[in-house]
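>>> Below is the sequence, then the predicted model.
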Amino acid sequence: MIYKSTLIEVHVFRIKKSKMEYLILKRAEGEKYPGIWQMVTGKIKYGEKAHETALREMEEETKLKIEKLWVIPNVNTFYSSEEDVIYNVPVFAAQVNSKSDVKLSSEHSDYKWVEPFEAEESFAWEGQKKSLRILTDYYFNKKKYLDILEITF
């Protein structure tokens, strides 16, 4: 069995009127998994650190500027039957300004800002839902741990 860690996920959120809102993106037709709602995702380029991929993919997929970036203490794991590979995916959280404008790449056909519950309900896979729950809990209940997990860039 081969294990790979060549993908990342970034849960993007903003605080608007004291409420946490997550950005969810709808995969475009012609892309893998068309029509599903997801967070920012991407492939790690050779020589790139995972958090650098998170920054790059945020720019490419949304044009949003990150105010803060954290590692979520969870690695999303899934099996690809096409490749016979188990992927270990580092997960990040990115906070953006509440007034930021999203400009989608061709990978996505739509986006929306939603509350945590709706974001969780929109995701197809449990690992993604778990990461979102962890982030929401840390942001509201365990901020001191979130400070430890912050990435400076």
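It's in. Here the structure is a predicted model, which is why all the values come from computation and not from measurement.

>>> Go ahead and confirm V114 touches I24.
Yes: contact criterion C-beta atoms under 8 Å: V114 and I24 qualify, at 5.9 Å. C-beta here means a position set from N, CA and C on the backbone, and glycine is covered the same way.

>>> Residues that sit against both of those two, list them.
By the contact definition C-beta atoms under 8 Å, 6 or more residues apart in numbering, V114 and I24 are jointly contacted by S122.

>>> These two: which is more packed in?
I24 (24 against 17; other C-beta atoms under 10 Å).

>>> tell me which element the more buried one is part of?
Take DSSP states H and E as the rule and I24 turns out to sit in strand 19-27.

>>> Strands of this structure, start to end?
Here the chain has its strands, by DSSP state E, at 2-4, 7-16, 19-27, 37-38, 40-43, 66-80, 85-96, 108-114, 150-151.

>>> right, so of those, which gets closest to L132?
strand 7-16 (5.7 Å; C-beta to C-beta).

>>> hey, C-alpha coordinates of the closest one in CSV?
The C-alpha atoms that make up strand 7-16 are tabulated as CSV, following Å, rounded to 0.1, in the frame of the first residue of the first chain:
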residue,chain,number,x,y,z
LEU,A,7,-3.0,17.4,-1.1
ILE,A,8,-4.2,20.1,1.3
GLU,A,9,-7.6,21.4,2.5
VAL,A,10,-8.3,25.0,3.8
HIS,A,11,-11.4,25.9,5.7
VAL,A,12,-11.9,29.6,5.0
PHE,A,13,-14.0,31.6,7.5
ARG,A,14,-14.9,35.2,8.4
ILE,A,15,-16.5,36.8,11.4
LYS,A,16,-19.4,38.9,10.5
